[in-house]
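Participant: everything below, folded, please.
(2 chains)
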Amino acid sequence: MAIRAPKGTKDIFPDQIHKWQYIEKKFAEICDRYGFKEVRTPIFEHTELFQRGVGDTTDIVQKEMYTFKDFGGRSITLRPEGTSPVCRAFLEHNYYADVQPSKYYYSAPCFRYEKPQAGRLRAFNQFGIETFGTDDMISDAEIIALGYDFITEMGIDEILLKINSVGCPECRPKHREALREFLKPHYDELCDTCKQRYETNPMRILDCKSEICQGIVEDAPMMVDYLCDNCKVAFEELEKNLGAFGIEYVVDPRIVRGLDYYTKTAFEFVTTKIGAQGTVCGGGRYDYLMDEIGDRHVPGVGFGMGKERILMLMEANDVKFPEPLKTEIFIAHVGDNAKLYSLNLLRRLRAAGYRAEVDALARNIKGQFKYANRLNAKYTVVIGDDEIESGILTVKDMEKSEQFEVKREDLLDLIKR
RNA sequence: GUGGGUAUCGUCAAGUGGUUAAGACACAGGGUUGUGGCUCCUGUAUACGUGGGUUCGACUCCCACUACCCACCCCA
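Facilitator: Alright, predicted model coming up:
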């Protein structure tokens, strides 16, 4: 039995890779414009980082992590998300002592043990950005603006930005109690998972997909109505800042993030064009994450964006990606002397910066031309005994289908034009 | 973890109880001796997911399993 790639993983070949390289380049560019610098952290971390950072009760930690013991007996986990590792690294290397705020971006694979479906893999790729060291809503708006601009610049439309405030440790408990009070008389009508949520995290019931729960929840107390003064002011500030940036959004009181660390700002960019996994980018503020994983209070805000989902959306939008680069000059050769002469020429052309290619399948001349055509070569030069002797090379312009002669020394100049 | 769908050459795809299991694309060679894209010809493939069963006979019917896709859940 041949070995296959593990469930929920994808191989990417050259016919697709140019798309990935394109969005990666564009993301790096926009981050540069916005002042975010790249960080790279290990692909695995101590399991404890995610238990404390993402939260022990989340689905991610409870049933989706790739966790194993290494040969030294340490519990190691493949990163399921990007924020906690960046926070860990930031604290570990004392960058809070640098000029604040600190703005970082990353582009990294993440791993979650899930049942694969459209837009959801076990090994997937994310872009992310984080701003540390300020709780000013300018940063939240800036993070959202970057996401908005990137998505737009990638040629994606019909995307909706939803924002909400999930409160803070001061106001959240009050809302939670109000919610429980409200739901109590309806407890028996709730779906099974929501009965559990009632105990563990009643806020999640607000975004249950079950129609029955939706109906019950319709007039439920919303977090936005229970925000403490501090959170309330912050949310208003965020709205003003987004307005100043000219960014359209809707306030959706029901969006709740599945990671425990979020406070105040929560947002997502959603679409219905790529199947059920509509969240292309999601994020928010996490003012107490650093307290959880370190011993220092540093506020933060950021987002994660699924590269696969961005790509799916771009394809749904019929975005034209830049064409992959084609061979510039193909060297067709006939005979053993010509082969060696061609190899020598090939190396010089490549050294001079050209995308040059030869046949390595011992094809006859006709086959070599067919091959050159398949490679979409701009020029094909033919090398045989005559050419070696005279130093005059025959070059064919494959697009114009014209042929002309040129001295070997002039070959490089010719192609430059 | 729970549902639904699919499974025939490298790819797409006919075939629904008895066929040498089509065809197309792709790949390779050729159409006068060193020239592509179009066209024509030729060539190559131990292709019916795996294991059982029903039947004189199964790619075709039944069962199980596996893989992939999609949905729930959750999220990027």
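Participant: skipping its backbone neighbours, what lies nearest residue A:323 in space?
Facilitator: residue A:18 (7.8 Å; C-beta to C-beta, 6 or more residues apart in numbering). Just so you know, the C-beta spots here come from the backbone N, C-alpha and C atoms, and that holds for glycine as well.
Participant: could you check the pLDDT of the residue in the stretch 1-150 of chain A that RNA strand B sits nearest to?
Facilitator: In the stretch 1-150 of chain A, the residue found nearest to RNA strand B is residue A:118; the distance is 3.0 Å by C-beta to the nearest atom of the strand. Here the pLDDT value assigned to residue A:118 is 91.
Participant: show me what contacts it?
Facilitator: Taking C-beta atoms under 8 Å, 6 or more residues apart in numbering, we find residue A:118 in contact with A:274, A:275, A:276, A:277, A:312.
Participant: mind running it again at 6 Å?
Facilitator: Residues counted as contacts of residue A:118 (C-beta atoms under 6 Å, 6 or more residues apart in numbering) are residue A:275.
Participant: what residue in chain A comes nearest to RNA strand B?
Facilitator: In chain A, no residue comes nearer to RNA strand B than residue A:258, which is 0.6 Å away by C-beta to the nearest atom of the strand.
Participant: residues near that residue, how many?
Facilitator: By other C-beta atoms under 10 Å, 14 other residues sit near residue A:258.
Participant: you'd agree it is in a strand?
Facilitator: No: under DSSP: H, G, I helix; E, B strand; the rest coil, residue A:258 falls outside any strand and is assigned coil.
Participant: where does it land on pLDDT?
Facilitator: pLDDT, residue A:258: 70.
Participant: from residue A:57, how far off is it?
Facilitator: Going from residue A:258 to residue A:57 by C-beta to C-beta, to the nearest Å gives 10 Å.
Participant: what do you get for residue A:405?
Facilitator: 76 Å.
Participant: what segments of the stretch 51-200 of chain A are helices?
Facilitator: Ranges of helices in the stretch 51-200 of chain A, per DSSP state H, counting those that start in this stretch, are A:59-63, A:83-92, A:137-153, A:172-183, A:192-200.
Participant: pipe the ones you listed into TSV and attach distance to residue A:393 per row.
Facilitator: Compiled in TSV, the helices of the stretch 51-200 of chain A are given as follows (distance: least, C-beta to C-beta, whole Å):
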stretch	distance to residue A:393
helix A:59-63	62
helix A:83-92	55
helix A:137-153	44
helix A:172-183	76
helix A:192-200	73
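Participant: switch those helices over to JSON lines; also include mean neighbour count.
Facilitator: Conversion of these to JSON lines gives the following (neighbours: other C-beta atoms under 10 Å):
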{"stretch": "helix A:59-63", "mean neighbour count": "15"}
{"stretch": "helix A:83-92", "mean neighbour count": "22"}
{"stretch": "helix A:137-153", "mean neighbour count": "21"}
{"stretch": "helix A:172-183", "mean neighbour count": "16"}
{"stretch": "helix A:192-200", "mean neighbour count": "14"}
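Participant: just send these back as a markdown table, with mean pLDDT and distance to residue A:162 too.
Facilitator: Below are the helices of the stretch 51-200 of chain A laid out as a markdown table (pLDDT from 0 to 100; distance: least, C-beta to C-beta, whole Å):
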| stretch | mean pLDDT | distance to residue A:162 |
| --- | --- | --- |
| helix A:59-63 | 89 | 21 |
| helix A:83-92 | 97 | 19 |
| helix A:137-153 | 96 | 11 |
| helix A:172-183 | 84 | 19 |
| helix A:192-200 | 74 | 20 |
